[in-house]
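Chemist: predicted model and sequence follow; I will ask about them next.
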Amino acid sequence: MRINFSKLDFEFFTKPLLVGGKAMEYYNLRKSGKDVDLIVTSEDYERLVEKYPEHTKDIFGDLGVCIHGFEIWRWICKFDYGFLSRNALEEENIKVIHLEKLLFMKALGISKEKYEEDVKLIVQKIFDIQYGKNKDFKPDYLVQ
């Protein structure tokens with residue numbers, strides 16, 4: 001998977017972490033919406049704020065830059081890039097959040113129906129992997 005960042009006219013120092021709907025789509029769980037949700041390092045976030053100061057967002061302390069269909073966050077619920085990117089899958093120009101971390105993030109928002117449905121989809125995927133029903137995705141870190 002490759003994300004086209006050309007509209008941003010910005011070069012990340014560290015590969016952004018793909019989360020949200022596009023991560024759900026990456027794991028073949030559901031189609032994503034139009035936006036691309038990313039978590040970036042504090043250094044990249046600060047540089048984005050300098051470039052796009054009029055496109056910043058603060059949702060209960062979650063700081064982001066939202067522009068050109070990207071929602072780029074410094075952290076979600078104060079969980080930062082360092083924590084959320086552990087064991088992430090490496091792709092060409094991004095990292096994809098580890099399936100178990102994606103489950104964790106969706107569980108944090110479970111009060112919203114959309115996230116509750118996402119939790120169910122991720123849990124089913126993990127069961128399918130564990131019990132050998134999912135042949136197209138079988139990462140070593142989930143299979144014992």
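Modeler: Here it is on my side, so go on. Numbering: from 1, shown residues only.

Chemist: show me the helices in the chain, by range?
Modeler: Using DSSP state H, the helices of the chain run over 20-26, 42-51, 81-84, 99-108, 113-130.

Chemist: now do the contacts for the spatially most central residue of the chain.
Modeler: Centroid-nearest residue in the chain, with C-alpha atoms, centre = their mean: V19, separated by 0.9 Å. Residues in contact with V19 (C-beta atoms under 8 Å, 6 or more residues apart in numbering) are 37-39, 76, 84, 97, 102, 105. The way it works is simple: take the backbone N, C-alpha and C, and place the C-beta from them, glycine included.

Chemist: remind me, longest strand of the chain?
Modeler: Of all the elements of type strand in the chain, the one with the most residues (DSSP state E) is strand 62-67.

Chemist: measure how it sits relative to helix 42-51, angle-wise.
Modeler: 50 degrees (axes from the mean of the first three to the mean of the last three C-alpha atoms, to 10 degrees).

Chemist: in CSV, list the C-alpha atoms belonging to strand 62-67.
Modeler: Output of strand 62-67 as CSV, limited to C-alpha atoms (Å, rounded to 0.1, in the frame of the first residue of the first chain):
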residue,chain,number,x,y,z
ASP,A,62,-5.9,15.5,20.5
LEU,A,63,-3.9,17.8,18.2
GLY,A,64,-4.1,17.5,14.4
VAL,A,65,-3.6,19.1,11.1
CYS,A,66,-6.5,18.5,8.7
ILE,A,67,-6.0,19.4,5.0
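
Chemist: other SSEs contacting that strand?
Modeler: helix 42-51, strand 56-59, strand 70-73, strand 75-76 (3 or more C-beta pairs under 8 Å, 6 or more residues apart in numbering; DSSP states H and E).

Chemist: got a list of what L8 touches?
Modeler: 67-68, 70.

Chemist: how close does K101 sit to E92?
Modeler: To E92, K101 is 20 Å away according to C-beta to C-beta, to the nearest Å.

Chemist: since that was my last question, I'll sign off now.
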